[in-house]
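Visitor: could you work out the structure for the sequence below:
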Amino acid sequence: MDGMGNAPQAKPTIAECQRAVCARKGLTLAEMKSPSRKRDWTLPRQVAMALARELTGKSWTQLGLAFGRDHTTVIYAARKINRLLPVNPRLEIAMERYREAVAVEVAKRTYEPIPVPAAAGDPGQSLHWSSRNKRPRFSHRGEWVSL
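Guide: Residues are numbered from 1 along each chain as shown. All right, here's what the predicted structure looks like:
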């Protein structure tokens with residue numbers, strides 16, 4: 001919590017940015033990631049790239065991989081959108097709506113509880129410390145699950 005009593009906001013993922021733009025533009029994720037250069041798909045893709053860079057802070061390379069593009073394509077997209085924002089008030093309004101849509105995507109996240117190991121006497125379950133990643137692993141009848 002910050003000094004004003006507000007809980008810190010979770011950072012969105014690249015996928016959440018992609019889903020938010022796709023939902024608002026009526027595209028599928030496959031269309032957004034496709035190699036097509038159709039204007040109906042390229043501008044939303046560029047908006048999603050710029051939005052993902054702004055909101056996630058991920059590297060150009062990570063963004064490029066997530067969109068199936070080279071990192072230089074993501075740089076071009078972000079610069080293009082940032083260049084258009086001051087001269088296109090409709091784009092600024094649209095970007096604000098995309099940010100709101102991303103916030104809705106983040107709010108949809110569900111967190112699953114971590115299973116609590118049973119008592120030591122239960123023969124079907126055991127707790128084991130993994131030597132490779134130094135994290136406990138939980139076994140239930142032979143199925144190992146990292147905690």
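Visitor: only C-alpha atoms from now on, for both contacts and neighbour counts.
Guide: OK.
Visitor: the closest residue to Gln62 other than its chain neighbours and Ala78, how far apart?
Guide: Excluding the flanking residues, the one nearest Gln62 by C-alpha to C-alpha, 6 or more residues apart in numbering is His71, at 7.8 Å. Per C-alpha to C-alpha, to the nearest Å, His71 is found 11 Å from Ala78.
Visitor: compare these two (neighbour count), which wins?
Guide: Neighbour count, other C-alpha atoms under 10 Å: between His71 and Ala78, Ala78 has more, with 21 against 17.
Visitor: now do the contacts for that one.
Guide: For Ala78, the contacting residues are Gln46, Val47, Met49, Ala50, Leu51, Arg53, by C-alpha atoms under 8 Å, 6 or more residues apart in numbering.
Visitor: helices and strands around the helix or strand that contains the fourth one, which ones?
Guide: Using DSSP states H and E, Ala50 sits in helix 39-56. Secondary structure elements in contact with helix 39-56, counted by 3 or more C-alpha pairs under 8 Å, 6 or more residues apart in numbering; DSSP states H and E, are helix 14-25, helix 29-33, helix 60-67, helix 71-84, helix 89-107.
Visitor: just the CA coordinates for that helix, please, in PDB.
Guide: Extracted C-alpha coordinates of helix 39-56, given in PDB (Å, rounded to 0.1, in the frame of the first residue of the first chain):
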ATOM      1  CA  ARG A  39      -4.500  -1.800 -42.200                       C
ATOM      2  CA  ASP A  40      -7.400  -3.100 -40.200                       C
ATOM      3  CA  TRP A  41      -5.000  -5.300 -38.300                       C
ATOM      4  CA  THR A  42      -1.700  -3.400 -38.400                       C
ATOM      5  CA  LEU A  43      -2.900  -0.200 -36.500                       C
ATOM      6  CA  PRO A  44      -4.500  -2.200 -33.600                       C
ATOM      7  CA  ARG A  45      -1.300  -4.300 -33.500                       C
ATOM      8  CA  GLN A  46       0.900  -1.200 -33.300                       C
ATOM      9  CA  VAL A  47      -1.400   0.200 -30.600                       C
ATOM     10  CA  ALA A  48      -1.100  -3.000 -28.600                       C
ATOM     11  CA  MET A  49       2.700  -3.000 -29.000                       C
ATOM     12  CA  ALA A  50       2.900   0.700 -27.800                       C
ATOM     13  CA  LEU A  51       0.400   0.000 -25.000                       C
ATOM     14  CA  ALA A  52       2.300  -3.100 -23.900                       C
ATOM     15  CA  ARG A  53       5.600  -1.200 -23.800                       C
ATOM     16  CA  GLU A  54       4.100   1.600 -21.800                       C
ATOM     17  CA  LEU A  55       2.200  -0.600 -19.300                       C
ATOM     18  CA  THR A  56       4.400  -3.600 -18.800                       C
END
